[in-house]
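# this is the structure alone, sequence omitted:
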């Protein structure tokens, strides 16, 4: 397993070592020891999965403390453009984002710690997205930054994605008051 920090402190790209043969493949999708050796302290308590069609955008979601979540995300089937936005007010990269393509073929995983908003755009029909979370979902703690915020300026590559009603109502970053 190769774990590499991005240009935003705390965000990690995880590339598992994949063993393939004519029968299929095998890889380790989580190894607590490897994570700890790379400074990732994660105690997972909840796993989530979503199915989305091409052009669905989910996010940019987060949960405020004390219910903040770290997430290990990956794609089981299909492909997404995955994005994390730094909401840590004392961070040098506050308001900056990082994006990466996660696919069933590249088997890349992405560690998004507490203090980040997270979202993804589905690039293929019938995409299955998986999340391992470090805290339980708490509706009263959830927040959402609008996906097309001009301050954050994410290049999603789409003008009119399919959005939930909640995601259509996300707040602008300039109005956001961070609890992180």
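Perfect, I can see it now. Everything numeric in this text was worked out from a predicted model, so none of it was measured.

# quick check: buried residues in the one helix or strand residue 98 maps to?
Secondary structure assignment for residue 98, by DSSP states H and E: strand 97-103. Under the neighbour-count criterion of 16 or more other Cβ atoms under 10 Å, strand 97-103 has 97, 98, 99, 100, 102, 103 buried. All C-beta spots, glycine's among them, are computed from the backbone N, C-alpha and C.

# quick check, residue 33 in a helix?
Yes. Residue 33: assigned to a helix according to DSSP: H, G, I helix; E, B strand; the rest coil.

# any figure for the gap between the closest residue to residue 83 other than its chain neighbours and residue 91?
Spatial nearest neighbour of residue 83, excluding adjacent residues (Cβ to Cβ, 6 or more residues apart in numbering): residue 99 at 4.6 Å. Distance from residue 99 to residue 91, counting by Cβ to Cβ, to the nearest Å: 17 Å.

# circling back: TSV for the buried residues of strand 97-103, including pLDDT and distance to residue 132?
As requested, the buried residues of strand 97-103 are arranged in TSV below (pLDDT from 0 to 100; distance: Cβ to Cβ, whole Å):
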residue	pLDDT	distance to residue 132
97	98	21
98	98	19
99	98	20
100	98	17
102	98	14
103	98	18
